[in-house]
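# Fold the following.
(one chain, ligands or ions: 2)
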Amino acid sequence: MDLTTGPTGRSTPHFPDPAPRAPGAPAVIIAMCNQKGGVGKTTTTISLGAALVEAGRRVLLVDFDPQGSLTVGLGFNAHDLDQSIYHALIDREIGVKDLVMSTSVKGLDLVPANIDLSAAEMRLVTEVGREQALARVLKPVRFDYDVILIDCQPSLGLLAVNALTAAHGVIIPLECEYFALRGVALLKDTIERVRERTNDELSIIGLLGTMYDSRTLHGKEVLQSLVEGWGDLVFHTVIRRTVKFSDATVAGEPITVYAPNSPGAASYRELTREVLSRCPDA
Ligand code: ADP
Ligand code: MG
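Ligands and ions are numbered 1, 2, ... in the order given. A predicted model of the protein is given here:
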């Protein structure tokens, strides 16, 4: 095995190319979660989703942020939606299959969101099983996809709890900047509460360092303190800072399509291999 020291200060193992998935298994559901905004949740949802498609997976992306950045980042106009995830959450007559949109990437589908979703917490609060609303919505498509990625909003409110309740695993993107670790303890508490109350299968798949700048010392220091606190839960794969990601958002395409030969696209392919090595069912 070829071992080289990566940006996290550990030897980087070789992650094998993903094998085909067992047919007929239900989708593995992964929530992209961090209550801090601007840490790369949406970028990771789109890029990992598209790279999973390259690895032969059928992927559904769920926009679960009223800002609708995932919807916009895939080239849709969030304002123009007749229906979105909000409607399936509050109206049992509307099924998720009515909401699924195909993206420009074959095999990559989207359930969109927009500002309407900001009313969902208030509407759900009085419901029985309010934490399970998203899990219920996703049930009818669990055999149509191999992986479902949920892009969470930056908060630890009822929407985040719904995402964590629906998910098998969580990926926590963190900006490689000082203070990135602030708040992660709170997120861990929330994950533990969800595990105790509504979803005892939930696990943390990994913490992902994003927007890493190898020219600065503090990026490395942040990664080192991440590894000190979280050990092997920290992904070996680290995503470097590059403007290609915002360019891809403007183009409404995943980086693997917009700039397929860029280092950013390569990093998300590497992350895909690492995620699949940690989630053998995906
Ligand atoms: P979140 O969903 O956590 O709020 P985003 O994925 O929307 O974060 O990222 C916030 C901003 O940073 C976006 O403008 C995005 O294009 C940009 N961005 C994300 N990842 C990177 C990166 N690795 N390098 C540079 N810019 C990035
Ligand atoms: Mg986002």
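# Most proximal residue of the stretch 51-200 of the chain with respect to ligand 2?
Ser69 (4.4 Å; C-beta to the ion). Where you see a C-beta, it was placed from the backbone N, CA and C, and this is true even at glycine.
# hang on, I meant the stretch 1-150 of the chain
In the stretch 1-150 of the chain, the residue found nearest to ligand 2 is Thr42; the distance is 3.3 Å by C-beta to the ion.
# Pull the distance from the longest helix along the chain to the chain's centre.
When the chain is parsed with DSSP state H, its longest helix is helix 263-278. Computed by C-alpha atoms, centre = their mean, to the nearest Å, the chain-centroid distance of helix 263-278 equals 13 Å.
# Over it, what's the mean pLDDT, rounded is fine.
For helix 263-278, mean pLDDT rounds to 98.
# Next: stretch 83-101.
Stretch 83-101 shows a mean pLDDT of 97.
# Report how far apart the opening and closing residues of that stretch are.
Between the opening and closing residues of stretch 83-101 lies a distance of 11 Å (C-alpha to C-alpha, to the nearest Å).
# if we can go back for a sec, would you mark the buried spots in the longest helix of the chain?
264-265, 267-276, 278 (16 or more other C-beta atoms under 10 Å).
# again, but for stretch 152-161
Here stretch 152-161 shows Cys152, Gln153, Leu156, Leu158, Leu159, Ala160, Val161 as buried, counting by 16+ other C-beta under 10 Å.
# How about stretch 181-199?
Leu181, Val184, Leu187, Thr190, Ile191, Val194, Arg195, Thr198, Asn199.
# so who does Lys171 touch?
Rather than Lys, residue 171 is Ile. Ile30, Ala31, Met32, Cys33, Thr44, Leu48, Ile205, Gly206, Leu207, Leu208, Val275 (C-beta atoms under 8 Å, 6 or more residues apart in numbering).
# and the fifth one, what element?
With elements delineated by DSSP states H and E, Thr44 resides in helix 41-54, which encompasses its position.
# Tell me which residues are up against the helix or strand that that helix is followed by.
Sequence-wise, the next helix or strand downstream of helix 41-54 (DSSP H and E) is strand 59-64. Outside of strand 59-64, the residues that reach it under the criterion C-beta under 8 Å, 6+ apart are 27, 45-46, 49-50, 52-53, 69-71, 74, 84-85, 100, 103, 107-113, 117, 134, 138, 141, 144-153, 159, 162-163.
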